[in-house]
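A.B. asks: what shape does this take:
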Amino acid sequence: MSIQFASTVAASTRAIDAGVALDLAATLRALADPLRLRMLSLIASDPRGEACVVDLAELAEVSQPTVSHHLKVLREAGVLRSERRGTWVWYSVEPGLQPAVVSLLEGFAPAAARPGGASPEPLGDVDEALEQLASSLAERFPTVSADAVTSIVRESYAALAKPARTTGRLVPRTERFAAQRLTDLTRDRRAHRPQVLFVCVANAGRSQLAAALVEHRSGGSVVARSAGSSPAAELHPEVRGLIEHLGPEIAERAFPKPITDDAVRAADVVITMGCGDVCPIIPGVRYDDWAIGDPALASPEGVVAIHDDIAARVDRLLAELTETVTTTTTTT
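C.D. replies: As a prediction, the model looks like this:
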């Protein structure tokens with residue numbers, strides 16, 4: 001009986017505090033409305049860091065009092081703050097809640113909205129295939145020790161296998177991912193070919209689309225990488241379709257991958273897309289953040305708008321990088 005009591009006490013200490021649970025439940029109730037969640041996502045993803053009440057009213061065909069009611073609920077829950085400037089009221093996420101909102105919209109929401117699939121297949125014994133792959137890559141990258149190549153191959157396989165639902169493409173994807181990592185590890189910066197790394201949470205949408213557009217529009221003059229802080233199993237179907245239009249080779253290289261230190265170190269520019277502070281800070285690397293909506297949560301029309309937004313940003317980025325390369329080449 002005493003053992004049972006001790007177990008109960010230990011279990012209760014691991015649970016969230018009752019008062020904290022009460023406050024959290026109130027906040028979650030305030031968020032538990034589709035229109036409020038859409039309002040929150042619009043505000044959080046706006047490049048200005050805020051949105052006008054007029055912007056929010058366009059999300060649904062409801063009356064202005066209804067919009068005001070939903071915004072009041074979010075404001076009273078402590079999620080939003082408001083500021084009147086002139087005729088209009090502007091809303092922004094409470095600064096202290098910004099990381100929590102990002103986690104909700106960029107991490108939990110896509111996972112919860114993703115339709116359930118079959119359980120992952122057993123990974124099976126792939127030692128022989130990985131050994132052959134490591135041997136082949138060691139010949140391609142002679143400046144890296146064979147042990148290091150083997151380690152990178154096995155780490156790459158394990159990272160890709162974690163979210164995978166099937167094993168059919170794991171080994172070929174491991175070859176591409178490991179080769180990419182080794183290329184980044186041995187990158188010669190004197191080649192004057194800029195390299196950009198796009199990072200989001202799932203690496204299944206906007207970061208993949210941005211990297212594909214850079215590769216396609218630069219004609220290979222700029223190296224594009226993408227990665228995720230918590231990679232998904234596959235690309236978002238709408239994004240997959242957009243990338244396939246850019247060419248089969250680009251589409252073949254597009255699959256979710258985790259972020260690595262080597263990718264960050266090899267990049268000249270790291271662009272984050274709602275993934276928070278997941279990137280290691282490397283001296284000499286330029287960091288930018290693009291506030292762009294998540295295709296996994298957008299309507300088909302929204303996905304097209306996201307594509308156009310990314311394409312315009314990519315064009316501006318390529319113009320900057322081309323000018324930098326030209327200047328560097330001229331001065332050297």
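A.B. asks: which parts of stretch 24-35 are buried?
C.D. replies: A30 (16 or more other CB atoms under 10 Å). Yep, even glycine has a C-beta here, placed from its N, CA and C like the rest.
A.B. asks: contacts only, for R313.
C.D. replies: If you count contacts by CB atoms under 8 Å, 6 or more residues apart in numbering, R313 has them with 210, 290, 292.
A.B. asks: apart from its neighbours in sequence, what residue is nearest the first one?
C.D. replies: Counting by CB to CB, 6 or more residues apart in numbering, the nearest residue to A210 once its immediate chain neighbours are dropped is F198, at 4.5 Å.
A.B. asks: so which of the contacts of R313 is the closest to D261?
C.D. replies: Proximity of the contacts of R313 to D261 (CB to CB) peaks at A210, which lies at 20.7 Å.
A.B. asks: pretty sure the closest one is in a helix, no?
C.D. replies: Yes. Using DSSP: H, G, I helix; E, B strand; the rest coil, the secondary structure at A210 is a helix.
A.B. asks: ok, it - contacts?
C.D. replies: 198, 224, 226, 271, 273, 290, 310, 313-314.
A.B. asks: again, only this time at 10 Å
C.D. replies: Each residue near A210 by CB atoms under 10 Å, 6 or more residues apart in numbering is listed here: 196, 198-200, 224, 226, 271, 273, 290, 292, 307, 310-311, 313-314, 317.
A.B. asks: what bridges to the spatially most central residue of the chain?
C.D. replies: Centroid-nearest residue in the chain, with CA atoms, centre = their mean: C200, separated by 1.6 Å. Counting by DSSP bridges, C200 is bridged to G228.
A.B. asks: just for the protein, where's the confidence low?
C.D. replies: 1-16, 106-107, 110-125, 166, 275-282, 284, 324-332 (pLDDT under 70).
A.B. asks: what comes up buried for the longest helix along it?
C.D. replies: Using DSSP state H, we find that the single longest helix of the chain is helix 300-331. Within helix 300-331, the residues scored as buried using 16+ other CB under 10 Å are 303, 306-307, 309-310, 313-314, 317-318, 321, 325.
A.B. asks: ok, these vs E249, which is closest?
C.D. replies: Checking the buried residues of helix 300-331 one by one against E249 (CB to CB), the nearest turns out to be V314, at 18.2 Å.
A.B. asks: identify the residue nearest the closest one in space, chain neighbours excluded?
C.D. replies: V314 sits nearest to L213 (CB to CB, 6+ apart), 4.6 Å away.
A.B. asks: tell me the angle of the host helix or strand of the one you found relative to helix 300-331?
C.D. replies: Assigned by DSSP states H and E, L213 belongs to helix 206-218. Angle, helix 206-218 to helix 300-331, by axes from the mean of the first three to the mean of the last three CA atoms, to 10 degrees: 50 degrees.
A.B. asks: so how far is R140 from the closest residue to T143 other than its chain neighbours?
C.D. replies: Leaving out its chain neighbours, the residue that sits closest to T143 by CB to CB, 6+ apart is T186, at 5.8 Å. Look at T186 and R140: by CB to CB, to the nearest Å, they are 10 Å apart.
A.B. asks: shouldn't T174 be within a helix?
C.D. replies: Yes. T174 sits within a helix when classified using three-state DSSP.
A.B. asks: I'd guessed it sits against S136; true?
C.D. replies: No. T174 lies out of contact with S136 (CB atoms under 10 Å); the separation is 11.7 Å.
A.B. asks: what is the nearest of the contacts of R313 to V73?
C.D. replies: For the contacts of R313, the nearest to V73 is I292 (26.5 Å; CB to CB).
A.B. asks: report the contact partners of that closest one.
C.D. replies: Listed by CB under 10 Å, 6+ apart, the contact set of I292 reads 45, 47, 200, 205-207, 209-210, 271, 273-274, 305-306, 309-310, 313.
A.B. asks: likewise for R85?
C.D. replies: By CB under 10 Å, 6+ apart, R85 lies in contact with 50, 52.
A.B. asks: how close does it get to E128?
C.D. replies: With distances taken as CB to CB, R85 is found 66 Å from E128.
A.B. asks: for S156, same thing?
C.D. replies: Distance of S156 to E128, computed by CB to CB: 16 Å.
A.B. asks: compare the two and say which is more crowded by neighbours.
C.D. replies: The residue with more neighbours, out of S156 and E128, is S156; 26 against 8, by other CB atoms under 10 Å.
A.B. asks: pretty sure the more buried one contacts R181?
C.D. replies: Yes. Shown here, S156 and R181 form a contact pair, counting by CB under 10 Å, at 6.5 Å.
A.B. asks: report the set of residues contacting both of the two.
C.D. replies: Here S156 and R181 have 257, 260 as joint contacts, going by CB under 10 Å, 6+ apart.
A.B. asks: verify the stated contact: the residue nearest to V314 with A254.
C.D. replies: No. If you go by CB under 10 Å, L213 and A254 don't touch, sitting 11.2 Å apart.
A.B. asks: fine by me, we can end here.
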